[in-house]
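[1] can you look at this prediction? I've put the sequence above it.
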Amino acid sequence: VTACLRRLVAGADALLSNLKLTARLMMVATLLAGAGVASGLAPARAAQAAEADQPAAAPGVESNGQPAGVAEGEAVEGERPPTIHAKSLLLQIFNFAVLLAILIKFGGGAINKALQARHHQLKTDLLAASEARAAAEGRLRKNDERLAGLEREIEAMRAGIKQEAEVEKARLVAAAEERAKRLREETAFVIDQQVKEAQAALRREVAEGAVRIAEQLLRRQVDAADQRRLLDGFVNDVAGAPPAAVEKAV
Amino acid sequence: MAALAGSVSRRYARALFQIGVDAGTFEALGQELADLAEMFAGSPELRQTLENPVFKPSEKRAILEKLLPRVAPSRTVQSFALLLLERNRIVALPAIARAYRELSDAHSGRVRATVTSAEALSPADLERVRRALEQRTSKKVMLEAKVDPSLIGGLVARVGDLVLDGSVRTQLATLREKLLN
């Protein structure tokens, strides 16, 4: 976009240069027209000079029209102020007037019109070019500002991305720590459960072994006296206040 | 189904018991009914014959009429047994006998108890136990003795729904529970 705008500005500059060149050409044409008028006066002046020099054109006159040996002195002596033939001048003025009349009569309007159109065209082109230049400069300025803003925007985006990355990193670290903590707790719980199960199994094994040994001992050692004692205790318990251990509802 | 059978048994037992109470012969009727139920439960051939639908009701009735005078002299128990046969309730005869015994015991202020010991108890010991149970329940106790060597020592008395356990086996089980907990 910047390159396009620069090309537009260059085009406007070229158009201005063309307009300046056109103005110079018109000036040259005017000078040439002036030169034409001047060239109309030159023949009349030459004719007057010819008439003045005609009597001196005798034998011994050199080719340049001046006598040898006295040419320089005669030239100084022969300088006379130029004379204006009124008739010729009037004819030339008339001629020039007629030419001007013809030009004005048949070409003045068209030239004026063309020049006017050219003037308007140039004016419009200048205006459009200046507007385009202003628009292009505006766009260029806007783009420059945008480019400057883009730098800031890129910087802001970079900062935002960095911040998000930091947040994500912190979140991942927190999640990993939480998971590790949970795993530690679960592992500790499992270990605790296994320890409790092992303790319970050991306690059960010890209890059953102890009860089994006690039962074997009792089976071998309980005699009639023990039976009597147990019977007496039972009768006393039933007849008196029975302990809760020996009474239960079915 | 068992609850329904129990309910039916109690209704039949209550009807016969009421007849016996009215006539003042509920003890004799109870004994005849118990003998009849014991015969019925102890003879699989008789039970299968009376329960088998292949035999005609008249044939079943004829068989029962021949057997009844031997174990149930009273006309009331005979009629009761024939009524059960007629209504296809003869299979409930043992349950009816138990329900009748409970009604009779309750009416007479009696309670039946079972004493189980590791070794057989002497009559004097059984009498001590019976008196202790009567003192405990405030009822007349009809004691039945059993022997179970797995008790190791001591004895277990069961009175109705009440169990009095003084056996070494139970004390060892209690000790085991305490050690485990």
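    Thanks, I have it.

[2] which of the helices or strands spans residue 145?
    Just so you know, I chose chain A. helix A:109-221 (DSSP states H and E).

[3] the intended chain is chain B.
    With DSSP H and E as the test, B:Ala145 turns up in strand B:140-147.

[4] related to what we said a few turns ago, from the contact counts, what lies against the next helix or strand after the helix holding A:Glu145?
    Counting by DSSP H and E, the next helix or strand C-terminal to helix A:109-221 is helix A:224-239. In terms of contacts (3 or more CB pairs under 8 Å, 6 or more residues apart in numbering or on different chains; DSSP states H and E), helix A:224-239 is packed against helix B:123-137, strand B:155-159, strand B:162-165. (Glycine included, C-beta is placed from N, CA and C.)

[5] in helix A:224-239, what's buried?
    The neighbour-count check on helix A:224-239 (16 or more other CB atoms under 10 Å in any protein chain shown) flags A:227, A:230-231, A:234-235, A:237-239 as buried.

[6] that helix vs helix B:123-137, what angle?
    If you take axes from the mean of the first three to the mean of the last three CA atoms, to 10 degrees, helix A:224-239 sits at 20 degrees to helix B:123-137.

[7] what's next to helix A:224-239, contact-wise?
    A:243, A:246, B:117-119, B:121, B:125, B:128-129, B:131-133, B:135-136, B:153-155, B:157, B:164, B:166, B:168 (CB atoms under 8 Å, 6 or more residues apart in numbering or on different chains).

[8] follow-up on the earlier one: same for the helix holding A:Glu145, what does it pack against?
    Checked by 3+ CB pairs under 8 Å, 6+ apart, helix A:109-221 has helix A:2-53, helix B:168-180 packed alongside it.

[9] which residues touch the strand holding B:Ala145?
    B:105, B:108-121, B:126, B:129-130, B:133-134, B:159.

[10] that one to strand B:155-159, inter-axis angle?
    140 degrees.

[11] what is the mean pLDDT for strand B:140-147?
    Strand B:140-147 shows a mean pLDDT of 92.

[12] keeping just the C-alphas, turn it into CSV.
    Only the C-alpha atoms of strand B:140-147 are listed here, as CSV (Å, rounded to 0.1, in the frame of the first residue of the first chain):
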residue,chain,number,x,y,z
LYS,B,140,-42.8,-74.7,86.0
VAL,B,141,-39.9,-76.0,83.8
MET,B,142,-40.2,-79.2,81.8
LEU,B,143,-36.5,-80.0,81.3
GLU,B,144,-34.9,-81.9,78.5
ALA,B,145,-31.2,-82.9,78.7
LYS,B,146,-28.8,-83.1,75.8
VAL,B,147,-25.1,-83.8,75.5
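
[13] can you give me the buried ones in that strand?
    B:141, B:143, B:145.

[14] name the helix or strand of chain A that has the lowest mean pLDDT.
    strand A:247-249 (a mean of 45; mean pLDDT, DSSP states H and E).

[15] any stretches of chain B with poor pLDDT?
    B:1-5 (pLDDT under 70).

[16] contacting residues for the residue nearest in space to the middle of it?
    In chain B, the centroid-proximal residue (CA atoms, centre = their mean) is B:Arg98; its distance is 4.1 Å. By CB under 8 Å, 6+ apart, B:Arg98 lies in contact with B:9, B:37.

[17] against B:Pro73, how distant is it?
    Using CB to CB, to the nearest Å, B:Arg98 is found at 22 Å from B:Pro73.

[18] returning to that earlier point: out of the contacts of helix A:224-239, which end up buried?
    By 16+ other CB under 10 Å, the contacts of helix A:224-239 give A:246, B:117-119, B:121, B:125, B:128-129, B:132-133, B:136, B:153-155, B:157, B:164, B:166, B:168 as buried.

[19] helix, strand or coil for the nearest residue to B:Arg158 once chain neighbours are set aside?
    Distances taken as CB to CB, 6 or more residues apart in numbering or on different chains put B:Thr114 closest to B:Arg158, at 4.6 Å, once the chain neighbours are dropped. Under DSSP: H, G, I helix; E, B strand; the rest coil, the three-state class of B:Thr114 is strand.

[20] my read: B:Thr114 touches B:Gly160, true?
    No: at 10.1 Å, B:Thr114 and B:Gly160 do not qualify as touching, with contact defined as CB atoms under 8 Å.

[21] give me the neighbour count for A:Ile84.
    By the measure other CB atoms under 10 Å in any protein chain shown, the count of residues near A:Ile84 is 12.
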